[in-house]
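Chemist: I'll drop the sequence and a predicted model, then ask my questions.
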Amino acid sequence: MLPDFVLDASVAVAWCFGDERNQVLDNLEATLSERTAWVPVHWHGEVLNALYMTERRGRLDPARWPLLLKQLARYPLADDDGLPAMTSRAALDLARQYRLTVYDAAYLELALRRGLPLASLDNALVAAARAAGVETLL
């Protein structure tokens with residue numbers, strides 16, 4: 001059994017578009033049958049917002065929404081239920097330390113707290129994770 005990991009919204013959004021996919025992303029997606037992807041509380045809203053922004057820019061046909069929502073729903077996600085006050089403060093501290101958004105720092109906080117690797121396509125978040133000693137999968 002492969003270890004669980006923290007899934008950044010950037011990866012899930014890339015899985016929704018064929019032109020953003022590559023072998024590494026496909027391989028990671030295929031491992032979801034053997035592992036669980038942990039996500040912070042805001043993950044669902046962040047993914048939906050990113051997809052909606054692609055719709056507004058004319059890149060996503062609104063008729064694709066049912067298919068995309070079905071695709072996202074089949075991923076075995078574990079919503080983090082960490083104590084909000086504790087995790088929010090830790091995410092703010094990490095955002096300041098690594099000059100990240102608080103949203104991105106929440107992924108790093110989750111990876112650090114749970115001792116899990118991070119899957120992200122966000123260069124700043126990946127650099128911060130590596131600097132903090134978190135394994136990155138992409």
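Modeler: That came through, no problem.
Chemist: how near is Trp65 to Leu72?
Modeler: With distances taken as C-beta to C-beta, to the nearest Å, Trp65 is found 10 Å from Leu72. C-beta: built from backbone N, CA, C; applies to glycine.
Chemist: Looking only at neighbour counts, state which of those two leads.
Modeler: Taking neighbours as other C-beta atoms under 10 Å, Trp65 and Leu72 compare with Leu72 leading, 17 against 14.
Chemist: is it true that the more buried one touches Val47?
Modeler: Yes: contact criterion C-beta atoms under 8 Å: Leu72 and Val47 qualify, at 6.6 Å.
Chemist: okay, and the common contacts of those two?
Modeler: By C-beta atoms under 8 Å, 6 or more residues apart in numbering, Leu72 and Val47 have these common neighbours: Ala12.
Chemist: quick one: buried residues of the helix or strand bottoming out on mean pLDDT in the chain?
Modeler: Sorting the helices and strands of the chain by mean pLDDT, DSSP states H and E puts helix 84-98 at the bottom, at a mean of 89. Residues of helix 84-98 classed as buried: Thr87, Ser88, Ala90, Ala91, Leu94, Ala95, Tyr98 (neighbour count, 16 or more other C-beta atoms under 10 Å).
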